[in-house]
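Undergrad: The following block contains a protein sequence and its predicted model.
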Amino acid sequence: MGRVSAKSVNRAVAAALAAGAAGTAAVMGARAVRAGAEAQAAKTGERAGTAHPDAIGADFARAAADRLGELIRFRTVFSRRRDEIELDEFTGFIDALARLFPGVHAHLEREFVNGHALLFKWPGAGPGADAAPAVLMAHYDVVPVDARDAWTHPGFSGHQDGTHVWGRGALDDKGAVVLILSAVESLVQEGFTPARDVYLSLGNNEETAGDSAAAAASLLNGRGVRPWMVLDEGGAVAENAFPGLAPPAAVVGVAEKGVLDLELLTRSPGGHASTPPKMGATARLARAIMALEENPFPQSMPGPVVEMLRRTGANSGLGLRLVTSNMWAFKGLLTKLFDALGDETRAMTRTTVAITELEGSHGANVLAATARAHANIRIAVGETVEGTLERVRRTINDPAVELRFRSGHSPSPVSSFTNAQFALIARSVGVSYPEAVVTPYVQTGATDSRHFAAICPAVYRFSPLLMDDADRASLHGIDEKVRIASLGAGVVFYRELVKGL
């Protein structure tokens with residue numbers, strides 16, 4: 001998840017309070033006080049007497065760290081070009097899973113999907129166990145490590161320093177693979193059987209927006225499987241994510257933005273740069289890019305973001321509570337302020353367009369015969385690929401600019417955050433991270449779970465790992481690492497989730 005700067009939100013709160021000062025201050029104040037009292041009561045009632053977070057899952061932490069350290073050493077980097085894939089790394093990883101998790105492989109049914117993706121089935125024991133199963137997801141492919149980057153410990157070392165496990169995939173997403181399998185392994189060894197069927201879907205090409213998860217969803221759909229709940233990677237137990245919020249926030253993605261990749265292409269005769277035309281290919285392309293820059297998509301504040309502000313505000317100081325407990329008065333103003341205060345807040349409230357590649361002439365004195373740009377568009381909840389493409393076309397308003405569709409999918413449906421599934425996730429967080437404030441949010445990135453939305457109305461995105469600013473910054477970056485204590489708590493989370501099904 002992205003971090004919203006404290007300065008930005010504090011400025012938003014100050015402006016909102018100033019705007020509301022002339023309004024119904026007494027009503028607003030009463031709401032803020034009540035919200036704070038309810039949040040405090042929840043903390044007292046649900047978290048009193050709980051163990052210190054570092055001690056939770058201590059019995060599972062070391063084994064999980066050892067397993068993860070070994071699995072990180074496999075360079076499971078997928079590629080759209082099959083000749084670039086080191087298949088031995090993938091098969092080696094799969095063989096290591098069988099050795100590290102013998103109980104899982106002895107008691108669960110395993111099959112391969114789309115080559116190297118894995119689908120496990122854990123049959124439930126309750127009546128009608130197969131009628132409404134749960135699907136736990138993760139992926140074991142990772143993004144590359146650039147040899148030129150200065151990692152503290154090599155990116156595929158799986159090094160342990162006593163407090164962290166280092167390496168690519170520690171957080172995204174081999175860590176979750178290990179947590180899920182460790183939880184199931186421990187439950188199997190205890191003789192536990194879930195009340196309903198549980199599927200474990202472990203993808204092999206999520207980082208390249210591959211098709212393995214789609215194949216797994218299609219396979220289950222063809223068998224008539226309609227999951228009760230799907231849980232994939234996404235949010236985290238985030239420290240320092242919200243200004244004014246002292247405890248960590250367990251942000252659970254209830255939806256994710258869509259993605260549209262477009263190529264903008266312009267053409268002109270080319271020729272010598274000493275005689276440029278008035279509107280050559282590069283100038284026309286630049287004009288189209290500036291049109292998109294100067295005419296952003298309209299704003300909105302979807303329900304999950306409103307609820308996120310309400311829940312985090314209720315656990316914060318009085319100033320923030322005054323605003324977030326009175327969203328009926330401040331929603332419009334906050335939506336506008338979110339656009340003005342920063343890139344991260346802006347991305348929460350609108351479809352965004354990022355020009356990520358530019359190409360023109362390959363000679364300093366040669367006019368470009370063609371010029372191209374790649375637009376990576378993240379589509380806001382409530383909008384569609386088709387509507388987004390049409391708006392881009394209208395905004396550019398130039399038939400000479402060719403729009404080439406590369407790939408895309410609309411935003412996911414919004415899963416409920418008031419149902420039994422979300423409540424189960426929240427209870428499991430309460431056991432594994434008792435100080436955390438659980439809240440829904442909208443994920444800006446894409447996950448494999450989007451492929452399951454067609455067969456399940458309750459799809460969530462959450463990784464039970466504690467992350468601070470530096471941890472979140474290391475995702476796809478340098479020095480990716482995970483706290484060993486958090487691995488233990490993560491195993492507890494999945495154990496509680498499965499036992500609560």
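TA: All right, it came through fine. Numbers count the residues shown, from 1 in each chain.

Undergrad: And stretch 163-180, how far out from the chain middle?
TA: Chain-centre distance of stretch 163-180: 15 Å, with Cα atoms, centre = their mean, to the nearest Å.

Undergrad: Please identify the buried residues of that stretch?
TA: Using 16 or more other Cβ atoms under 10 Å as the test for burial, stretch 163-180 gives 164-180. Just so you know, the C-beta spots here come from the backbone N, C-alpha and C atoms, and that holds for glycine as well.

Undergrad: same question, stretch 378-386
TA: So for stretch 378-386, counting by 16+ other Cβ under 10 Å, buried means Arg378, Ile379, Ala380, Val381, Glu383, Val385.

Undergrad: any chance you could map the helices in the stretch 201-350 of the chain?
TA: With DSSP state H, counting those that start in this stretch, the ranges of helices along the stretch 201-350 of the chain come out as 212-222, 281-294, 303-314, 318-324, 327-341, 343-349.

Undergrad: In a markdown table, list the ones you listed along with mean neighbour count and mean pLDDT.
TA: Formatted as a markdown table, the helices of the stretch 201-350 of the chain follow (neighbours: other Cβ atoms under 10 Å; pLDDT from 0 to 100):
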| stretch | mean neighbour count | mean pLDDT |
| --- | --- | --- |
| helix 212-222 | 20 | 98 |
| helix 281-294 | 18 | 97 |
| helix 303-314 | 22 | 90 |
| helix 318-324 | 23 | 81 |
| helix 327-341 | 18 | 81 |
| helix 343-349 | 18 | 80 |
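
Undergrad: For Ile56, find the nearest of those.
TA: Of all the helices of the stretch 201-350 of the chain, helix 303-314 sits nearest to Ile56, with 22.0 Å by Cβ to Cβ.

Undergrad: and the angle from that closest one to helix 327-341?
TA: Orientation check (axes from the mean of the first three to the mean of the last three Cα atoms, to 10 degrees): helix 303-314 against helix 327-341 gives 100 degrees.

Undergrad: now could you export just the CA positions of helix 303-314 as PDB?
TA: The C-alpha coordinates for helix 303-314 follow below in PDB (Å, rounded to 0.1, in the frame of the first residue of the first chain):
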ATOM      1  CA  GLY A 303     -16.900   3.700   0.000                       C
ATOM      2  CA  PRO A 304     -13.900   1.700   1.200                       C
ATOM      3  CA  VAL A 305     -11.800   4.900   1.300                       C
ATOM      4  CA  VAL A 306     -14.500   6.700   3.300                       C
ATOM      5  CA  GLU A 307     -14.600   3.700   5.700                       C
ATOM      6  CA  MET A 308     -10.800   3.600   5.900                       C
ATOM      7  CA  LEU A 309     -10.800   7.300   7.000                       C
ATOM      8  CA  ARG A 310     -13.600   6.700   9.500                       C
ATOM      9  CA  ARG A 311     -11.800   3.800  11.200                       C
ATOM     10  CA  THR A 312      -8.400   5.300  11.300                       C
ATOM     11  CA  GLY A 313      -9.700   8.600  12.400                       C
ATOM     12  CA  ALA A 314     -11.700   7.000  15.200                       C
END
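
Undergrad: Report all helices and strands that that helix contacts.
TA: helix 25-47, strand 249-256, helix 318-324, helix 327-341, strand 437-443 (3 or more Cβ pairs under 8 Å, 6 or more residues apart in numbering; DSSP states H and E).

Undergrad: quick one: low-confidence parts of the stretch 301-450 of the chain?
TA: Low-confidence segments of the stretch 301-450 of the chain, defined by pLDDT under 70: 341.

Undergrad: For the stretch 1-150 of the chain, which segments count as helices?
TA: Counting by DSSP H, counting those that start in this stretch, the helices of the stretch 1-150 of the chain are 6-20, 25-47, 58-72, 87-100, 102-107.

Undergrad: Lowest average pLDDT across these?
TA: Lowest mean pLDDT within these: helix 25-47, a mean of 49.

Undergrad: how much does the strand or helix carrying Glu386 deviate in direction from helix 281-294?
TA: Using DSSP states H and E, Glu386 falls within helix 385-396. Angle between the axes of helix 385-396 and helix 281-294 is 110 degrees (criterion: the same axes, to 10 degrees).

Undergrad: residues touching the residue nearest in space to the middle of the chain, list them.
TA: Residue closest to the mean C-alpha point of the chain, counted by Cα atoms, centre = their mean, is Gly234 at 2.9 Å. Residues near Gly234 by Cβ atoms under 8 Å, 6 or more residues apart in numbering: Met1, Val252, Gly253, Glu256, Gln443, Gly445, Thr447, Ser449, Tyr460, Arg461, Phe462, Ser463.

Undergrad: repeat for Gln160
TA: With contacts defined as Cβ under 8 Å, 6+ apart, Gln160 is in contact with Ala65, Asp66, Gly69, Trp166, Ile484.

Undergrad: just the buried members of these?
TA: Ala65, Asp66, Gly69, Trp166, Ile484.
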